[in-house]
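J.: Fold the stuff below for me.
(one chain, ligands or ions: 1)
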Amino acid sequence: MKAIKSKISSELASLIKKAAGFHGHLGPFLVIGVRMGSLAKKILNVNAGESNKFRVTARLPLLTPFSCIIDGIQASTQCTVGNQKLRIENSQAKIIVCFEQQNLDKGLRIHVNPKIIKELKDRYSEGASNEELAREIASIPESQLFVIEKQ
Ligand SMILES: [Zn+2]
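T.: Alright, predicted model coming up:
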């Protein structure tokens with residue numbers, strides 16, 4: 001990844017650590033999920049304890065490593081399969097996650113930049129490690145990683 005690296009915040013670092021503990025390992029798609037969840041909470045102004053009206057719909061290919069995104073979202077938003085606040089839909093290639101703040105009628109759709117998905121696939125086939133790719137994804141700018149649509 002030739003991106004200009006930005007420094008990662010200690011808040012993001014600790015969320016990633018928590019997500020990796022929950023998920024069982026660290027990887028780039030887990031980090032994508034964590035960054036999506038924390039970005040959506042920031043944009044929609046969702047603070048801890050106010051997430052009861054927050055809902056997430058994730059559309060992505062339901063196979064690893066893509067599905068690792070799901071655990072990143074669950075760890076960073078407290079919207080889970082178990083509490084019925086996270087819905088998962090299979091997608092052939094695209095990764096799109098919709099976040100809704102129901103009481104305020106506000107929403108956000110975050111697409112993962114297809115170039116990044118392709119680059120990760122290429123790097124995996126060249127033998128790059130999960131940890132190495134996770135570090136890179138943690139530090140590339142949001143504007144390169146995601147396309148954000150506000151609703
Ligand atoms: Zn994983």
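
J.: same for the strand or helix carrying Asp122, what does it pack against?
T.: Under the criterion DSSP states H and E, the helix or strand holding Asp122 is helix 114-125. Helix 114-125 sits against helix 130-139, with contacts defined as 3 or more C-beta pairs under 8 Å, 6 or more residues apart in numbering; DSSP states H and E. Glycine gets a C-beta too; all of them are placed from N, C-alpha and C.

J.: returning to that earlier point: just the buried residues of the helix holding Asp122, please?
T.: Judged by neighbour count (16 or more other C-beta atoms under 10 Å), helix 114-125 contains these buried residues: Ile116, Ile117, Glu119, Leu120, Arg123.

J.: is the ion contacted by it?
T.: No - figure legend: helix 114-125 not in contact with the ion (C-beta under 5 Å from the ion); closest approach 12.0 Å.

J.: what's the angle from that helix to helix 130-139?
T.: Angle, helix 114-125 to helix 130-139, by axes from the mean of the first three to the mean of the last three C-alpha atoms, to 10 degrees: 160 degrees.

J.: now the strands for the protein?
T.: Secondary structure of the chain by DSSP state E: the strands cover 54-60, 86-90, 96-101, 106-112, 146-150.

J.: what would the ones you listed look like in TSV with distance to the ion?
T.: Listed next are those as TSV, based on distance: least, C-beta to the ion, whole Å:
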stretch	distance to the ion
strand 54-60	13
strand 86-90	15
strand 96-101	16
strand 106-112	15
strand 146-150	19
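
J.: In a markdown table: the ones you listed, plus mean neighbour count.
T.: Putting the strands of the chain into a markdown table (neighbours: other C-beta atoms under 10 Å) gives the following:
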| stretch | mean neighbour count |
| --- | --- |
| strand 54-60 | 21 |
| strand 86-90 | 14 |
| strand 96-101 | 21 |
| strand 106-112 | 19 |
| strand 146-150 | 14 |
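
J.: from the buried residues of helix 114-125, which is closest to the ion?
T.: Nearest to the ion out of the buried residues of helix 114-125 is Leu120 (C-beta to the ion; 12.3 Å).

J.: hang on, the closest one packs against Leu133?
T.: Yes - between Leu120 and Leu133 there is a contact under C-beta atoms under 8 Å: 6.2 Å.

J.: residues shared between the contacts of the two?
T.: Taking C-beta atoms under 8 Å, 6 or more residues apart in numbering as the contact rule, Leu120 and Leu133 both touch Pro28.
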